[in-house]
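Q: What follows is a predicted protein model with its sequence.
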Amino acid sequence: MQIFHNPNYNFIKWRWHALILSWIVIAAGIGVIATKGLALGVEFSGGTIVVLEFEQTPSIDHIRGALDAEKVGGGGQNVVVQRYGAEAANRVMVRLPHTGEEQGTGLTKTKDEVVKALTDAKLGKFKDVGTQVVGPVVGKELTQKGIWATVLSLAGLLIYIGFRFKLSFGVGAVVATFHDLLVTLAFLAFFQYDMSLNVIAALLTVTGYSTNDTIVIFDRVRENLRGMRRDNINDIVNASVNQTLGRTVITAGTVLMSVIALYLFGGEVLKGFAFTMIVGTITGTYSSVFIAAAIVTFWRGKGPARVPAAQAVENAKKKNGKKDRA
Amino acid sequence: MKNLRMRVLITLVVVLAAAWFFYPLYPYPFEGPKLKLGLDLKGGVHLVLRVQTDDALQLDTLTTMEQLRETSDAKGITGATFTPVNPTTFRVEGIPQGQDGAFREAANEAQTAFTRESGAGGSYTFTMKPNIVIQLREETVTQARTTIEKRVNELGVAEPIIAQYGSANDQIIVELPGLTEVARAKEIISSTAMLELKMVEDGPASTKDALLQTRGKALPSNMDIVPGASDSSTSGQRADTVFYLVKKVAVVTGRDLRNAKPTVDQNGRPAVSFTLNQDGARKFGKATGENIGRRLAIILDGRVQSAPVIEGRIDTDGQISGGSFTQQEVADLALVLRSGALPASLTYMEENTVGPTLGADSIRSGVIASLVGLVLIMLFMLVYYKLSGVNAVVALAFNLVILLGLMAYIGATMTLPGIAGFVLTMGIGVDSNVLIFERIKEELHAQRSVRQALDAGFSRVFLTLMDTHIASLISAAFLFQFGTGPIRGFAMTLSIGLVSNLFTSTFVSKTIFELVLSGRKVQTLSI
């Protein structure tokens, strides 16, 4: 069985369209983040999450009303009340922002207020089965560490792929991966997923995984550079993408199967993780085909594959009439 | 043939060993899978505390300042004022010109840890040296950690985790699995438990001023005023705050304790009895022997608990009573006294409690997601690669067994994100098989024989697989660096899965092919 029979799509021809599409998505993502902001999970924003388990089916409206009446956590828009997990479990998650006292002995003050307000409102028997309280300092440190971990792993990939292939390949892979991160962030913003530790973990996994397809294609490009040395680099890259197209799609497909299973059945906590992985896997495949390969062609010019570097730059200048990209 | 037998043997040994590590059938009766579960799965509390290292610096600075004051007093330097500026700095002002030399001499001792800067009008600023600051901070955190360890161990929690953490390394993570009394645990961990026994010079009095009346309204430099509760047992009313004037230097402190345990006082109320060590007993015996008839204040965390009159020389045993302690409080106080005082106060920064039912639900949904993912992927591989798909399915099953076995063997912790890593390992794991199989197909298309195609498929893709796996391992390594508990569990699961996948997709899968093809003339391959 085979998905593609001798595919021969002209991916290089579509690279500009692909770039524009990517930019539109990323720009829209930036727009959403600029206006609405990224929804931050409690690990980053600080605050309190309480998971309550009721004996009878609880009413979200009543719970919200009881909390609002006591102005717990400032009340109003800032307080999130949601069903948590399966219907039958009768669980409700209450998320409250920082009230400025979540430090030291006051750490669980907000949680205690929630429990008290709901007990006083007599909404049926319940117990708190989970609490997460994060002070304000933690989030800041975590954001910094998350950004550093991402930057360093991108740098690590650049060095490794640059070392195993060529610098241009490394740049192609890293730019494609960075693109994947931006697109995934954009989708997280569109669907207003909370940036939690799990989502960051998924983003870093996307960083590693989305280079996999790229490496497979680059490997083929390198192999073809030996066999087809008189051909145009664009043709070689295009042929390589086509030759590996089947496996690129299948490998992404198997990963999608596992993360979709995780999304549907993995439970509440892993939803954000699974969503990030789904988007990351799809955009990772797309960027391997359209972005990473395209960057190698931009970088290495349009001349024959095996011309001295200096001349290739000259050629690129002449043909493109544009600034030296090398 | 011999080569093949070897390969089969290696495969079986690795897989069976892994299965055994994960699920040992001996010693009987076995307790089920041997995999460490994280707090998010088995329930428990995760706490992050910050050690207020400034406290320790402040104490050191104040002590040095006091010592300097005493030395200069002894040298007859008069009229100087000593003021603390911040946790690492204090100032001395108004040294008379003629005594400047004498003061500099007195300050020599302080200068091992402090730098001295002179200003106008006989003033000096003493600042703690940067290396001493760093050293002191480190010592403080380490000491706090060991104290917390002792206390948690006495709480009797199984498999606690206590680790230093944070960019400034001044945070301590405490993980207590399966604990339900969260509030009590927090109280015990963070109570400073600073015990001091000091001679009472005057008091109790109802106001601070009353104590100073006879002393010209100024607090003598070698004394302190400490608040405490009046003895409510005699008045029968709610305890009022009273004040004691005590000697600044303690007779004995918590450091001189050998043991502390709950007991009852002469009125039958809960109290804590303590025993001093040799050094403490010597000091205590001398002080009590010399001061019969005077009061001795028993001060806990800056509050006088009781101030009994010394009726005779006491050597080793004492009692803390007078506070209206409950049974539980007495037990906890004895516990924290045994484990020693914290060198600085602690602030809670984060708390994460997972109830056991929540954890059990997470495990259940994790298992369901794993099974669904597994079935989907296996079906796909069987449909798409036919009989070769069986090979991939066996390799995948081995991959997962080795992953679980390795995790159990090295004692890695399975967390909820770790389950995600496990599911992801399936999806990423078969990728290697897909790459190899597609290459084999390609070679077959190029009219190569089955054997040639297999060899070419495995050997050509091997380096590609190395590259993709190392790329993934690089990001997993940074993820491990970044995260704590649950996220580390994920990074760990993913990394081990990648390594075992490299083994199963290249070595095991090839072995299976060879086993099937050995001794046969095969014309076609079901792929």
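A: Looks like it arrived, so ask away.

Q: mind listing what the spatially most central residue of chain A touches?
A: In chain A, the centroid-proximal residue (CA atoms, centre = their mean) is residue A:184; its distance is 3.7 Å. Contacts of residue A:184 were listed using CB atoms under 8 Å, 6 or more residues apart in numbering or on different chains, and they are A:203, A:206, A:276, A:279-280, A:283. The C-beta positions use only the backbone N, C-alpha and C, and glycine is treated the same way.

Q: again, 10 Å this time
A: With contact set as CB atoms under 10 Å, 6 or more residues apart in numbering or on different chains, residue A:184 has these partners: A:29, A:199, A:202-203, A:206-207, A:210, A:275-284.

Q: near chain B too, which of these?
A: The residues of the contacts of residue A:184 that also fall near chain B, by CB under 10 Å from any CB of the partner chain, are A:202-203, A:206-207, A:210, A:277, A:281.

Q: Turn these into TSV, including secondary structure, pLDDT and neighbour count.
A: Shown next, in TSV, are the ones next to chain B among the contacts of residue A:184 (DSSP: H, G, I helix; E, B strand; the rest coil; pLDDT from 0 to 100; neighbours: other CB atoms under 10 Å in any protein chain shown):
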residue	secondary structure	pLDDT	neighbour count
A:202	helix	93	30
A:203	helix	92	24
A:206	helix	92	23
A:207	helix	90	30
A:210	helix	90	32
A:277	helix	96	31
A:281	helix	96	29
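
Q: isn't residue A:61 right next to residue A:92, touching?
A: No: if you go by CB atoms under 10 Å, residue A:61 and residue A:92 don't touch, sitting 11.4 Å apart.

Q: where do the contact lists of these two overlap?
A: Counting by CB under 10 Å, 6+ apart, the residues touching both residue A:61 and residue A:92 are residue A:81.

Q: who has more neighbours, the two?
A: Legend: neighbour count by other CB atoms under 10 Å in any protein chain shown for residue A:61 and residue A:92, higher for residue A:92 (23 against 9).

Q: Could you give the backbone dihedrals for the more buried one?
A: phi -130, psi 140 (degrees, to the nearest 10).

Q: Tell me who's in contact with it.
A: Applying CB under 10 Å, 6+ apart to residue A:92 gives the contacts A:50-54, A:58-60, A:63-64, A:81-85, A:118, A:123, A:126.

Q: can you do 7 Å?
A: By CB atoms under 7 Å, 6 or more residues apart in numbering or on different chains, the contact set of residue A:92 is A:52, A:54, A:58, A:60, A:63, A:81-84.

Q: what's across from residue B:116 in the sheet?
A: residue B:126 (DSSP bridges).

Q: and the gap between it and residue B:126?
A: 6 Å (CB to CB, to the nearest Å).

Q: Residue B:336 too?
A: The gap separating residue B:336 from residue B:126 is 34 Å, by CB to CB.

Q: got it, and residue B:451?
A: For residue B:451, the distance to residue B:126 equals 83 Å [CB to CB].

Q: Neighbour count: these two, which is higher?
A: With neighbours defined as other CB under 10 Å, residue B:451 and residue B:126 compare such that residue B:126 has more, 24 against 14.

Q: any idea whether residue B:519 is helix, strand or coil?
A: Following DSSP: H, G, I helix; E, B strand; the rest coil, the label given to residue B:519 is coil.

Q: residues near it, how many?
A: Each residue near residue B:519 was counted by other CB under 10 Å, and the total is 7.

Q: show me the contacts for residue B:58.
A: The contact partners of residue B:58, by CB under 7 Å, 6+ apart, come to residue B:87.

Q: Can you name the next helix or strand after the host helix or strand of it?
A: Here residue B:58, judged by DSSP states H and E, is contained in helix B:53-74. Later in the chain than helix B:53-74, the nearest helix or strand by DSSP H and E is strand B:81-86.

Q: for the helix or strand that comes right after that next one, packing partners?
A: Sequence order places strand B:89-93 as the next helix or strand after strand B:81-86, per DSSP H and E. Judged by 3 or more CB pairs under 7 Å, 6 or more residues apart in numbering or on different chains; DSSP states H and E, strand B:89-93 is in contact with strand B:81-86, strand B:123-128.

Q: Looking at the ones you listed, which one is packed in the most?
A: The highest average neighbour count among these, using mean count of other CB atoms under 10 Å in any protein chain shown, belongs to strand B:123-128 at a mean of 19.

Q: burial of residue B:5, as a residue count?
A: Neighbour number of residue B:5 under other CB under 10 Å is 11.

Q: where does it land on pLDDT?
A: On pLDDT, residue B:5 comes in at 90.

Q: dump the residue contacts of it.
A: Applying CB under 7 Å, 6+ apart to residue B:5 gives no contacts.

Q: Phi, psi for residue B:300 please.
A: Note on residue B:300: its backbone torsions stand at phi -120, psi 120 [degrees, to the nearest 10].

Q: For the spatially closest residue to it that is not a sequence neighbour, give me its contacts.
A: Among residues not flanking residue B:300 along the chain, residue B:195 sits closest, at 5.6 Å (CB to CB, 6 or more residues apart in numbering or on different chains). Contacts for residue B:195 (CB under 7 Å, 6+ apart) come out as B:253-254, B:300, B:337, B:341.

Q: Quick check: neighbours of whatever helix or strand residue B:261 lives in in the sheet, parallel or antiparallel?
A: Secondary structure assignment for residue B:261, by DSSP H and E: strand B:257-264. Paired strands of strand B:257-264, with direction, are strand B:270-276 (antiparallel) (DSSP bridges).

Q: If I look at residue B:450, what pLDDT would I see?
A: Note for residue B:450: predicted pLDDT of 90.

Q: Enumerate every residue touching it.
A: Residue B:450 is in contact with B:522, B:525, counting by CB under 7 Å, 6+ apart.

Q: Could you chop chain A up by domain?
A: What automatic domain parsing lists as the domains of chain A is A:12-39+A:139-320, A:47-134.

Q: what's the spacing between residue B:374 and residue B:183?
A: Note on residue B:374: its distance to residue B:183, by CB to CB, is 42 Å.

Q: Looking at these two, which is more packed in?
A: More neighbours surround residue B:374 than the other of residue B:374 and residue B:183, with 20 against 9 (other CB under 10 Å).
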